[in-house]
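*Asks:* how would this look folded up:
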Amino acid sequence: MNLTINARDAMPNGGRLEIETQNILFDEEYVKLHPEVEPGSYVMLAVTDFGEGMGKDVLEHLFDPFFTTKDKGKGTGLGLATAHGIIKQHSGQVFVYSELGKGTTFKIYFPACEKSVVVPEKKKDIVLSHGEETILVVDDEQSIRKLIVDTLKPLGYKCIEASCGTDAIKLAKNTPKDIHLLLTDVIMPGMNGKELSRVIKANHPAIKIMFISGYTENAIASHTILDAGVNYLPKPLTPTLLVEKIRQVLNRNHRKT
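*Replies:* Residues are numbered from 1 along each chain as shown. Model (predicted):
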């Protein structure tokens, strides 16, 4: 998703996006030239755009956390760093080919699985906990907000949506009802989730706080973005875990956030 969004942004006037997959075998001869790669079978995922391209100065820092070439407020510099971390966690490799004015190709190689995939038995339907509380949902990705709201509303929760910290603060001030939970992304353009929680908490002392993020918990902690022990749920979100975690946070009597 991140590579696709970046490809789109690299073609502001439109263009062609290509996504390919291919089975690849890295033999001993290839590994001699690329010692960082283990020999064996891989599955390649390639994402190519025919947009602006990148120079060597950009390529050298492409996967650095918080590095971005986008205008202020339009990028956090965490997307590619997160993608790189996911690839490495799965023993994969990523190579980038780019020329200014000609476009960019990301080639990702994941070790192929040689075992048969075991299809798990179908689980019984899970009954999700209902609630009547009001939840302020803040995330700059509309698709994430939609997932959260579509999950919570049928269960009786009242949801208020905001795409950024500034809008969230305005909505919180103009909402006559009590807001029981702030559910916010950690990294957003402009005000981040931690800064937003401080402002909301100052005006709504009884509110509970819960953070979500696609960045790993360890990475967030290493950059001191969040304090230890906060209520946190990593993306991608699943309805079951989301509702369970929200219910746990709301059911707590103390005000720990």
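
*Asks:* Show me the beta-bridge partners of the residue lying closest to Ser197 once chain neighbours are set aside.
*Replies:* In space, and not counting its chain neighbours, Ser197 is closest to Ile209: 4.7 Å by C-beta to C-beta, 6 or more residues apart in numbering. Where C-beta positions appear, they are placed from N, C-alpha and C, glycine not excepted. For Ile209, the beta-bridge partners are Leu182 (DSSP bridges).

*Asks:* which residues touch Ile209?
*Replies:* By C-beta atoms under 8 Å, 6 or more residues apart in numbering, Ile209 lies in contact with 181-182, 184, 197, 200-201, 230-231, 257.

*Asks:* distance of it from Gly51?
*Replies:* As judged by C-beta to C-beta, to the nearest Å, Ile209 and Gly51 stand 39 Å apart.

*Asks:* what do you get for Gln248?
*Replies:* Distance from Gln248 to Gly51, by C-beta to C-beta: 44 Å.

*Asks:* try Glu18
*Replies:* 12 Å.

*Asks:* Look at the two and report which has more neighbours.
*Replies:* Neighbour count, other C-beta atoms under 10 Å: between Glu18 and Gly51, Gly51 has more, with 23 against 12.

*Asks:* shouldn't the more buried one be in contact with Gly14?
*Replies:* No - between Gly51 and Gly14 there is no contact under C-beta atoms under 8 Å: 9.5 Å.

*Asks:* Other residues contacting stretch 190-201?
*Replies:* 73, 136, 138, 164-166, 168-169, 172, 179, 182, 184-187, 207, 209, 211, 213, 225-226, 257.

*Asks:* In helices only, show me these.
*Replies:* 165-166, 168-169, 172 (DSSP state H).

*Asks:* Output those residues in CSV; the columns should cover neighbour count.
*Replies:* CSV is the format used below for the ones in helices among the contacts of stretch 190-201 (neighbours: other C-beta atoms under 10 Å):
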residue, neighbour count
Gly165, 23
Thr166, 13
Ala168, 27
Ile169, 18
Ala172, 20
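
*Asks:* Tell me which stretches of the stretch 51-200 of the chain form helices.
*Replies:* Under the criterion DSSP state H, counting those that start in this stretch, helices of the stretch 51-200 of the chain are mapped to 56-59, 79-89, 142-152, 165-174, 193-203.

*Asks:* Make CSV out of these and add mean pLDDT.
*Replies:* Shown next, in CSV, are the helices of the stretch 51-200 of the chain (pLDDT from 0 to 100):
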stretch, mean pLDDT
helix 56-59, 82
helix 79-89, 84
helix 142-152, 91
helix 165-174, 94
helix 193-203, 92
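
*Asks:* Of those, which is nearest Thr104?
*Replies:* helix 56-59 (9.3 Å; C-beta to C-beta).

*Asks:* And that closest one, what's buried?
*Replies:* Of the residues in helix 56-59, those buried by neighbour count under the rule 16 or more other C-beta atoms under 10 Å are Val58.

*Asks:* Please export the C-alpha coordinates of that helix as PDB.
*Replies:* Output of helix 56-59 as PDB, limited to C-alpha atoms (Å, rounded to 0.1, in the frame of the first residue of the first chain):
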ATOM      1  CA  LYS A  56      21.300   9.300  -5.600                       C
ATOM      2  CA  ASP A  57      21.100  11.800  -2.700                       C
ATOM      3  CA  VAL A  58      17.600  10.700  -2.000                       C
ATOM      4  CA  LEU A  59      18.200   7.000  -2.600                       C
END
